[in-house]
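1. Model the structure of this input:
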Amino acid sequence: MGYRSSAVEWDMDPHLYERMVAVLLNYLHPTAHRTDGAGGDGGKDVSFPGPAGLEIFELKSFTGRMTPARRRQVKRSLDRATQLKPASWCLVLPIDFTPQEEAWFAKLTAGCDFASDYHGLTWLDAQMAQYPVISGYFLQGGADKVVELLKEVAAEQAALSAGAPDLVERLQRLARRADEIDPFYRFAFAVDHGGRISLSLVPRYAGAEKDRPIMVTTSFAFPDTPDGRQAKESLEAAIRYGSEATIPASFVTAISVDAPAGLGGEHSGAELFLKGVAVREPEFKINMVLLDPGGRHVGSLPLTVGPRTAGIAGLEATAADPTGSLRCKLRMDTESARLNLHYEIELPPRCLPALALPTVTFLSDFGSPNSFELVLESGDALMPATAIERPAMVSREYVDLVSAFQRVQHRTHTYFDLPDSLTEEDYRELIEADRLTQGEVTEGRWTRVSMTMEAGRLIELGTAGNVDLLAGEAAPILYVGEFESRIAGHRLPLGTCTQTLRSAVIENVADIRAACAVDPTQTVDVRLQPGSGDTCLLQLGEPPGFGSTTTVA
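-> Take a look at the predicted model:
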């Protein structure tokens, strides 16, 4: 049986050594963000922002012994690192120090006010044994093996079309093999409903995409037409601010991709989709402030600044009010220190009226001749006041409508989002319910009411009003019962309501007469219907001293 040694021959090109050990350090610090160029004597320093501060690793490809010249190089590197005030500094080289070299290193670092150490040959060999994928890629043709593996993926796709039952197992095997080859990326396989196998690259550690970037070179031809100019502007915004952009294939003359594992290639032209680098920062708040022509405060609305992307000239961010009705796109040009804002307004808000009310009130003033400015929570202005050159998109009547919804929902404890539209009947119901909740007396119409009461009591009511109800005469009747509104398909119980039926007659008068003749004290069902008119007065609550109950038929 053959034996394959994973030991590394460290006498190698310094540049190759630096690249390989830098990747190793990234494996050991997977959550850190690595930066290059912190200083060094011909080597490539690697630094990580650690919990206590900057951690610096000085990479030296020395083999053999530490000669005076090499010692001077290390001292210069340490002096440069000291100026950065690191939390720690570590020399990494494929040499295990002799006692004399240990003494030299201890004396060299004795005056440092930060932690200092070195990792030598034994440490490097142990780490490479732990991560053989790194040395395999850099020293044993790992990149070529990825290409060979991808050819196997194509063969597996052919097997898939033939319906091989062990497809999943074979793909898992391929994925495990790919995961052992490339130190910068993991390879993820997927199979769609059409049987096509797709392959995606996932960085192994933070900064892997910087150590082995995917380079795309493109050529464009934009004609002087509306579509051509728009595509060119979209491309420029994507490059400068990280905006999303889709460039149609008709404007893309060539694409060259340099990607790991032979995934690149030359293309004569294709649709190109661009998306900027996401800025991984938490959301924060700003305020949009309205000012009248005299500069006086009219109102303000909080905006949450959310996802951000970065380009070569600045940032692009989205911001929105709590309802999502006012959406903004912010572009910060770091070169000119200018902020550009584009906003859109969409109504009605898809939220509860109580949440929508501040927004629609603000938008009712968001129009000429007022102006607006963006202000941080600290009070610092992000941009100067900008005139609003369009009339307000929200009327005062719409603000009143949202206010009515808010009051009625609060009174009835029945909550639902603002509807997209209202019928005339919904609108009348809302206005009536709102007036009732504010203690007003409203006029309405009624069709039929039923109540239960003693037959003799009904006769007394008619006698007191000089009306013979049992003879079928009409009379005004006070009716107290539970009242509700139905608005946009929702039932809103308003509670006890007193209704004054201006003209009511007994519909089942024959039944009432018969009951009175048998026993005036018995309880009867009385059905009322409009007499000379169907109008009534409504007011929430019940009259003082009212004790009986009634129900709506």
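2. Tell me how many other residues crowd the closest residue to Ser395 other than its chain neighbours.
-> The spatially closest residue to Ser395, leaving aside those adjacent along the chain, is Ser364, at 6.8 Å (C-beta to C-beta, 6 or more residues apart in numbering). (Each C-beta comes from the backbone N, C-alpha and C, glycine too.) Ser364 has 19 neighbours, counted by other C-beta atoms under 10 Å.
3. Kindly report the same for Ala87.
-> 15.
4. Same check on Phe114?
-> Using other C-beta under 10 Å, Phe114 has 18 neighbouring residues.
5. again, but for Thr246
-> Thr246 has 13 nearby residues by other C-beta under 10 Å.
6. I'd guess it is in a strand, am I close?
-> Yes - per DSSP: H, G, I helix; E, B strand; the rest coil, Thr246 lies within a strand segment.
7. Walking through this protein, point out its helices one by one.
-> Ranges of helices in the chain, per DSSP state H, are 14-28, 68-82, 99-109, 121-130, 132-139, 142-161, 167-179, 208-211, 226-241, 353-364, 396-412, 424-437, 455-464, 509-518.
8. Can you tell me which helices and strands the last one packs against?
-> For helix 509-518, the helices and strands in contact under the criterion 3 or more C-beta pairs under 8 Å, 6 or more residues apart in numbering; DSSP states H and E are helix 455-464, strand 523-530.
9. Am I right that Phe97 is in contact with Asp117?
-> No - contact criterion C-beta atoms under 8 Å: Phe97 and Asp117 do not qualify, at 11.5 Å.
10. who has more neighbours, these two?
-> Neighbour totals were compared for Phe97 and Asp117, and Phe97 leads with 18 against 11 (other C-beta under 10 Å).
11. that older thread, which one of the helices of the chain has the poorest average confidence?
-> Mean pLDDT across the helices of the chain is lowest at helix 142-161; the value there is a mean of 52.
12. ok, Leu274 - contacts?
-> 235, 238-239, 243-247 (C-beta atoms under 8 Å, 6 or more residues apart in numbering).
13. Need the helices of the chain in CSV (columns: distance to Gly294).
-> Converted to CSV, the helices of the chain look like this (distance: least, C-beta to C-beta, whole Å):
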stretch, distance to Gly294
helix 14-28, 59
helix 68-82, 58
helix 99-109, 67
helix 121-130, 70
helix 132-139, 68
helix 142-161, 68
helix 167-179, 67
helix 208-211, 52
helix 226-241, 35
helix 353-364, 19
helix 396-412, 21
helix 424-437, 35
helix 455-464, 65
helix 509-518, 71
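14. looking at the ones you listed, which is closest to Phe62?
-> Nearest to Phe62, of all the helices of the chain, is helix 68-82, at 5.4 Å by C-beta to C-beta.
15. Distance from the chain centre to that closest one, please.
-> Centroid separation for helix 68-82 versus its chain: 49 Å, with C-alpha atoms, centre = their mean, to the nearest Å.
16. That one - contacts with which helices or strands?
-> Packing contacts for helix 68-82, counted by 3+ C-beta pairs under 8 Å, 6+ apart, involve strand 53-59, strand 88-92, helix 99-109.
17. Among the ones you listed, which comes closest to Glu344?
-> Nearest of those (C-beta to C-beta): strand 53-59, 43.3 Å.
18. Need the residues that contact the closest one.
-> Applying C-beta under 8 Å, 6+ apart, the contact partners of strand 53-59 are 17-18, 21-22, 25, 29, 32, 38, 40, 43-49, 74, 77-78, 81, 84-93.
19. And those residues, which of them are buried?
-> Buried members of these, counted by 16 or more other C-beta atoms under 10 Å: 17-18, 21-22, 25, 29, 32, 38, 40, 43-48, 74, 77-78, 81, 86, 88-93.
20. related to what we said a few turns ago, as JSON lines, the contacts of Leu274 with distance to His413 would be great.
-> Listed next are the contacts of Leu274 as JSON lines, based on distance: C-beta to C-beta, whole Å:
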{"residue": "Leu235", "distance to His413": "54"}
{"residue": "Ala238", "distance to His413": "50"}
{"residue": "Ile239", "distance to His413": "54"}
{"residue": "Ser243", "distance to His413": "45"}
{"residue": "Glu244", "distance to His413": "44"}
{"residue": "Ala245", "distance to His413": "49"}
{"residue": "Thr246", "distance to His413": "48"}
{"residue": "Ile247", "distance to His413": "54"}
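21. Widest-spaced pair of these?
-> Ile239 and Thr246 (14.1 Å).
22. Okay, now the unreliable bits of the stretch 151-300 of the chain?
-> Applying pLDDT under 70 to the stretch 151-300 of the chain picks out residues 151-183, 186-200, 205-207, 211, 260-264.
23. One more pass at 90, please.
-> 151-220, 235-245, 247, 249-282 (pLDDT under 90).
24. Pick the most buried one from the helices and strands packed on helix 509-518.
-> strand 523-530 (a mean of 18; mean count of other C-beta atoms under 10 Å).
25. So in that sheet, which strands flank that strand, and in what orientation?
-> Here strand 523-530 has these sheet partners by DSSP bridges: strand 449-454 (antiparallel), strand 490-506 (antiparallel).
26. Dump those to TSV, plus mean neighbour count and distance to Ala404.
-> Compiled in TSV, those are given as follows (neighbours: other C-beta atoms under 10 Å; distance: least, C-beta to C-beta, whole Å):
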stretch	mean neighbour count	distance to Ala404
strand 449-454	17	27
strand 490-506	18	12
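27. nearest to Glu316, of those strands?
-> strand 490-506 (40.4 Å).
28. circling back: run through the residues that contact the residue nearest to Ser395.
-> Contacts of Ser364 by C-beta under 8 Å, 6+ apart are 392, 394-396, 398-399.
29. just to revisit the earlier point, looking at the helices and strands packed on helix 68-82, spot the one closest to Thr452.
-> Between Thr452 and the helices and strands packed on helix 68-82, the tightest spacing by C-beta to C-beta is seen for strand 53-59, at 83.5 Å.
30. buried sites along that closest one?
-> By neighbour count with 16+ other C-beta under 10 Å, strand 53-59 contains the buried residues 54-59.
31. Spatially nearest residue to Pro248 (excluding sequence neighbours)?
-> Nearest to Pro248 is Glu271, by C-beta to C-beta, 6+ apart, at 5.9 Å.
32. Isn't that neighbour up against Phe251?
-> No - using C-beta under 8 Å, Glu271 is not in contact with Phe251, being 9.3 Å away.
33. Looking at those two now, which is surrounded by more residues?
-> Phe251 (18 against 11).
34. Leaving out chain neighbours, which residue sits closest to that one?
-> Ala231 (5.1 Å).
35. closest to Leu108 among the contacts of Leu274?
-> Among these, Ile239 lies closest to Leu108 (C-beta to C-beta), at 46.8 Å.
36. List the contacts of the closest one.
-> Counting by C-beta under 8 Å, 6+ apart, Ile239 has contacts 274, 311-313.
37. go again using 7 Å as the cut-off
-> Residues near Ile239 by C-beta atoms under 7 Å, 6 or more residues apart in numbering: 311-312.
38. And it, how far from Glu266?
-> 22 Å (C-beta to C-beta, to the nearest Å).
39. What of Asp434?
-> 69 Å.
40. Which one of those two is surrounded by more residues?
-> Using other C-beta under 10 Å, the more surrounded residue of Asp434 and Glu266 is Asp434, with 21 against 9.
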